[in-house]
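Visitor: any chance you could fold what I've pasted below:
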Amino acid sequence: MSRIAEDKIDEVRTSVNIVHYIQQFVNLKKAGQNFKGLCPFHSEKTPSFIVSPEKQIFRCFGCGKGGNIYTFIKDYEKLTFVESVHKAAEFAGIHIPQSVESEEQTGYFQKLYQINETACTFFEKNLWSGPYKKHLQYFLDRSLSEQTIKKYQLGFAPDSFDKLLAQLNLNSHSMEEAENLGLVRKRDKSNGYYDKFRYRVMFPFHNVSGKIIGFGGRKLQEEQQPKYLNSPESVIYKKGELLYGLHQAIQSIREHNSVILVEGYFDLLRLVEVGIKNVVASSGTAFSENQARLINRYTKNVHVAFDGDQAGIKAAIKASNILEKENLNAYVVALPAKEDPDTYILDKGVEAFDKLLKQSKSSIEFQIEQFYAINKSPAIEEIDAFIQDVLNQLADLPNQIKTGLYLHQLSDMFKINENILVNQLNRFRQARINQKQHQEPAETETQNLHRGMYKAEAGIIGLLLTVERDQGKSILEDITIECFENELFAQIYEHILHEIEETGKLEFNKMLDHFHDNEDIVKTITELSIAEYGDKQKFADDCIFQLKRYQMEKRTREIELLIKSDSQSADSIEHYYRELIETKKQLQDLIKQHRTL
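Guide: This next block holds a predicted model:
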């Protein structure tokens, strides 16, 4: 099936009334502003299936299914997304060419690759010749060789609004496609364009076949924001499916039958510089299941070498858990605090890093090690909370033999009867089964499950989907992605933020189309967009307060644990005490301010 243009997808969707289409299969009756009927996706006696003509979405409050017209066709008629668009177009009487030559589709993608190639060549030339050559020194000062710089096609984007633009025009590239790829932006009050990447060192992203699909640009001046500016997602670039450096590393990964996963570009480049080539980077985003599956094509063995600070440790544990859920073998490399692979190798040398690599621990071993590093004489309550958390992780592992070995380690380390651990693990597994088999209606779910942080995060996403533009921007100014603990909400928030930054608006149905292959996100977006929020300003204030308070309380607990650690120096202890006092003061001020509101 051929690719369908975005404007045609929009045209079809806006031409089909979702109520009229679904009425072919479901007996719908008017219920206030909406329509109601028995859900076609599960057996029920009391109607809980709602269709909203205003928002052009459906939602079942029994089984949780939801989405727009394409979601319904895709799930009910068991079709692909493209086939669903064709089906809806047929219903609306809109013609979509059925036979598009494969060369035409290939040609379209080739055009996009050529645009990126032109941009990459432009960025590269700036480093090696002409007035911008002095910026090559930035990479040389980071102790990278010219060979490595050339291998990864690093470059420089000048502080100009039209230099890249001129190069793209010279090659007769489509400005509309260049805008979709995030290389240029349209001016507000004219039909002109301007360069998006300005005064940044550039890192091109390659797909596994070596085609350039996007870019990351690092700032060179302190006042620039953000620190890293990345290409937006496009038909050729999905950031949750990218691993930086994979194209260059595939052969080495296969030779070693293992890969080293790092966080940043310079961590990867440092390892390559010292001869370690089986390395990939998560490209500055939270590690995802899709990235784990991508690694699984080439090896089962992954060494996670993230930063040695608390954020890096937390991210490494999370990444290793994702890897093991996908049935890979994950090993965590324990870097010292305040070190990353780049700085550690520059300071200690490649032999020292290789030693750390050989001492890598499994995720559970690493977590136990970290627990005892922070808690020299842990209380029973602290041990109980830690073991419960680990068992919760193990409940998701598909490998039963590995799970049994981990249980044995826990039993041995904490002197607990292994049968007790097995029984508790089985309770967690049964709870998951019960949750899937007996999902409660949304009202009960909200009362029983959507509490605390989850409810506040869901509230923020729901508001961003439903409030006016100015109020949405106000919320985005108050909340950062670091405030989200739930990965699904963080992914939705990141997309909303990107869309508003790039286009100045959020189109709800386009968002559903974007996530059409992620059922959990489609369900969540639909549920939150149809919910009622009462006084939206008060609700927003409450949600923002909850998120900020939780982050401050969490940081307070982290600092208190660091102070308890014997490994900290006197200077470190003093620093943490000052930070603890300041954090508690900020927390008190936040609570007072919220009470006043």
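Visitor: quick one: low-confidence ranges for this protein?
Guide: Where the chain drops to pLDDT under 70, the residues are 1-3, 97-107, 189, 284, 435-452, 565-569, 597.
Visitor: what number of residues are in the vicinity of the residue lying closest to residue 240 once chain neighbours are set aside?
Guide: Using C-beta to C-beta, 6 or more residues apart in numbering and skipping residues adjacent in sequence, the residue nearest residue 240 is residue 288, 4.5 Å away. From N, CA and C alone the C-beta is placed, and that goes for glycine too. By the criterion of other C-beta atoms under 10 Å, residue 288 has 19 neighbours.
Visitor: use 759 as the first number from now on
Guide: Taking 759 as the first residue, the last one we looked at is residue 1046.
Visitor: pretty sure residue 1046 sits against residue 1083.
Guide: No: Residue 1046 lies out of contact with residue 1083 (C-beta atoms under 8 Å); the separation is 11.4 Å.
Visitor: and this structure, what are its domains?
Guide: Per the record, the chain has its domains at 764-850, 860-995, 1004-1120, 1133-1195, by automatic domain parsing.
Visitor: winner for burial among those domains?
Guide: Mean neighbours per residue, mean count of other C-beta atoms under 10 Å, is largest over the domains of the chain for domain 1004-1120, with a mean of 19.
Visitor: quick check, distance from that domain to the centre of its chain.
Guide: 18 Å (C-alpha atoms, centre = their mean, to the nearest Å).
Visitor: the stretch 809-958 of the chain: strands as residue ranges?
Guide: 815-818, 824-825, 913-915, 942-944, 951-953, 958-964 (DSSP state E, counting those that start in this stretch).
Visitor: any chance of those strands in CSV, plus distance to residue 877?
Guide: Supplementary listing: these in CSV, determined by distance: least, C-beta to C-beta, whole Å:
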stretch, distance to residue 877
strand 815-818, 38
strand 824-825, 36
strand 913-915, 9
strand 942-944, 9
strand 951-953, 10
strand 958-964, 8
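Visitor: tell me how far residue 1335 lies from residue 1157.
Guide: Remark: distance between residue 1335 and residue 1157 (C-beta to C-beta, to the nearest Å) = 44 Å.
Visitor: oops, could you answer that again for residue 938 instead?
Guide: Using C-beta to C-beta, residue 938 is found at 41 Å from residue 1157.
Visitor: isn't residue 1282 up against residue 1248?
Guide: No: here residue 1282 does not reach residue 1248: they are 11.9 Å apart, not a contact under C-beta under 8 Å.
Visitor: out of these two, which sits in the busier spot?
Guide: Counting neighbours by other C-beta under 10 Å for residue 1282 and for residue 1248 shows that residue 1282 has the greater number, 22 against 17.
Visitor: what's residue 1108 in contact with, if anything?
Guide: By C-beta atoms under 8 Å, 6 or more residues apart in numbering, the contact set of residue 1108 is 1032-1034.
Visitor: just send those residues back as JSON lines, with distance to residue 1061 too.
Guide: Conversion of those to JSON lines gives the following (distance: C-beta to C-beta, whole Å):
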{"residue": "1032", "distance to residue 1061": "15"}
{"residue": "1033", "distance to residue 1061": "16"}
{"residue": "1034", "distance to residue 1061": "10"}
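Visitor: distance check, the nearest residue to residue 929 once chain neighbours are set aside against residue 806.
Guide: Excluding its sequence neighbours, the residue lying closest to residue 929 (C-beta to C-beta, 6+ apart) is residue 876, at 5.0 Å. In this view, residue 876 and residue 806 are 53 Å apart by C-beta to C-beta.
Visitor: cool, residue 1029 as well?
Guide: Counting by C-beta to C-beta, the gap from residue 1029 to residue 806 is 54 Å.
Visitor: next one: residue 840
Guide: Distance of residue 840 to residue 806, given as C-beta to C-beta: 30 Å.
Visitor: top helix in this protein by residue count?
Guide: helix 1294-1322 (DSSP state H).
Visitor: pull out the buried residues from that helix.
Guide: 1294, 1297-1310, 1313-1314, 1316-1317, 1319-1321 (16 or more other C-beta atoms under 10 Å).
Visitor: dump the contacts of residue 1108 into CSV; add distance to residue 1138 and secondary structure as well.
Guide: As requested, these are arranged in CSV below (distance: C-beta to C-beta, whole Å; DSSP: H, G, I helix; E, B strand; the rest coil):
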residue, distance to residue 1138, secondary structure
1032, 46, coil
1033, 48, coil
1034, 43, coil
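Visitor: just the closest of these to residue 783, please.
Guide: residue 1034 (56.8 Å; C-beta to C-beta).
Visitor: returning to that earlier point: among the domains of the chain, which comes closest to residue 1345?
Guide: The nearest among those, by C-beta to C-beta, is domain 1004-1120 at 18.4 Å.
Visitor: for the closest one, measure first residue to last.
Guide: With C-alpha to C-alpha, to the nearest Å as the measure, domain 1004-1120 spans 23 Å from end to end.
Visitor: quick revisit: what angle sits between whichever helix or strand comes after the longest helix of the chain and helix 1294-1322?
Guide: Next helix or strand after helix 1294-1322 toward the C-terminus (DSSP states H and E): helix 1328-1354. When axes from the mean of the first three to the mean of the last three C-alpha atoms, to 10 degrees is applied, the directions of helix 1328-1354 and helix 1294-1322 differ by 160 degrees.
Visitor: tell me which other helices or strands helix 1328-1354 touches.
Guide: helix 1294-1322 (3 or more C-beta pairs under 8 Å, 6 or more residues apart in numbering; DSSP states H and E).
Visitor: next, the buried residues of whichever strand or helix holds residue 1229.
Guide: In this assignment (DSSP H and E), residue 1229 forms part of helix 1227-1236. When neighbours are counted by 16+ other C-beta under 10 Å, the buried residues of helix 1227-1236 are found to be 1230, 1233-1234.
Visitor: ok, residues contacting it?
Guide: 1218, 1221-1222, 1225, 1254-1255, 1258, 1262-1264, 1294-1295, 1298, 1302.
Visitor: angles on the backbone of residue 1238, please.
Guide: Note on residue 1238: its backbone torsions stand at phi -110, psi 170 [degrees, to the nearest 10].
Visitor: OK, contacts around it?
Guide: Going by C-beta under 8 Å, 6+ apart, the list of residues near residue 1238 is empty.
Visitor: I'd like to know how far it sits from residue 1022.
Guide: For residue 1238, the distance to residue 1022 equals 19 Å [C-beta to C-beta].
Visitor: residue contacts, the residue nearest to residue 998?
Guide: So residue 1046 contacts 998-999, 1080 (C-beta under 8 Å, 6+ apart).
Visitor: closest to residue 810 out of the residues you listed?
Guide: Distance ranking of the contacts of residue 1046 against residue 810, using C-beta to C-beta, places residue 998 first at 28.9 Å.
Visitor: once you drop chain neighbours, what's closest to residue 839?
Guide: residue 1274 (4.8 Å).
Visitor: and the one you found, what are its phi and psi?
Guide: In terms of degrees, to the nearest 10, the main-chain angles of residue 1274 are phi -60, psi -20.
Visitor: so it touches residue 827, yeah?
Guide: No: in this structure residue 1274 lies outside contact range of residue 827 using C-beta under 8 Å: 11.1 Å.
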